[in-house]
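**Q** Need a 3D model of the sequence below.
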Amino acid sequence: MEAVILILGLLFFAFIALGVYASVKAIGAAKRGVDRTIVQARRAVEDTTLRAKSYGQTGVGGELAQLRLSLRTSMRATQEALRAGAVEDASLSESLDLFRRLSVHGRELDEDLRRLEREPDRATVAALLPELKERTERITHSADSLRWAARDRARRFVDDDLEALNAQIDMEAGALRHWTVEPNEPVRERSHDPRPDAHTQADGRARAEDRGQADRGGQGEGNQRQERGTADGRERAIPAPDHRIQPEYPWQKTARPETTT
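**A** Coordinates of the predicted model:
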């Protein structure tokens, strides 16, 4: 009994621990989702503010906002392209490492530009603008190079796969269209007229006349033999018919020989 209570107690604590673990994981996932939403919202607000400053302000403030906006846009686009491509292409892992190192310089430049936006000495900021533009162009050029190289690589893979697929489809289409035409056998014309032709009718009539004459001749000879037998006082037996001889009638059709073809 004590063992059963102990097992039930252990199961109870196990369910409680599992519930606490699931709750912690759910809370952590919800917190990460909230943080991600906050970061995205803050980023959208900053982008909108920079876009408004770049178009609405003139002078040093507008140029700094334009530099920050171009830097953030290029870095974000490259990051999304590399992360999406690394899922299918493991060769982009090295490119991701290079981009992480480039991101360090990009964040430093963005912080410098943000501090200079609040700098009251506009003359000093204007003197630093050429160097800031050069740094921005170098970073954005490197980011753009990584992004377009990854896109060209993905496009090349797609083109190669499409070319191979087209070749296979062409082969399959050729195989489907390849068939052998067997020569048709000559069709023999057969007469379906049930009536016998003129030659058949003539042959039938001739055979019937011959049989009639033979029958009459045989009948006359038989009568003569019977009379002679009676006169001599002896009776002759009538021979039995030969069953191997089949009688023919004029309305019968002539049997055709079997064709071997």
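
**Q** Just name whatever secondary elements whatever helix or strand Gly174 lives in is in contact with.
**A** In this structure, Gly174 sits in helix 122-177 according to DSSP states H and E. Packing partners of helix 122-177 (3 or more C-beta pairs under 8 Å, 6 or more residues apart in numbering; DSSP states H and E): helix 60-88, helix 93-117. Where C-beta positions appear, they are placed from N, C-alpha and C, glycine not excepted.

**Q** Would you reformat those helices as a markdown table and include distance to Thr49 and mean pLDDT?
**A** Formatted as a markdown table, the helices and strands packed on helix 122-177 follow (distance: least, C-beta to C-beta, whole Å; pLDDT from 0 to 100):
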| stretch | distance to Thr49 | mean pLDDT |
| --- | --- | --- |
| helix 60-88 | 8 | 90 |
| helix 93-117 | 10 | 93 |
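
**Q** Just give me the neighbour total for Ala84.
**A** Applying the criterion other C-beta atoms under 10 Å, we find 13 residues in the vicinity of Ala84.

**Q** again, but for Val104
**A** The burial count assigned to Val104 is 9, neighbours taken as other C-beta under 10 Å.

**Q** Likewise for Leu98?
**A** When neighbours are counted by other C-beta under 10 Å, Leu98 registers 12.

**Q** mind checking how far it is from Ala154?
**A** Here the distance between Leu98 and Ala154 works out to 17 Å (C-beta to C-beta, to the nearest Å).

**Q** Repeat that for Ala77.
**A** Separation of Ala77 from Ala154 (C-beta to C-beta): 14 Å.

**Q** Looking at those two, which one has more neighbours?
**A** Between Ala77 and Ala154, counted using other C-beta under 10 Å, Ala154 has the larger neighbour count: 16 against 13.

**Q** Could you check what's spatially nearest to the more buried one, not counting adjacent residues?
**A** Nearest residue to Ala154 in three dimensions, chain neighbours excluded: Gly85, at 5.7 Å (C-beta to C-beta, 6 or more residues apart in numbering).

**Q** The one you found: what's it in contact with?
**A** Gly85 makes contacts with 92, 150-151, 153-154, as judged by C-beta atoms under 8 Å, 6 or more residues apart in numbering.
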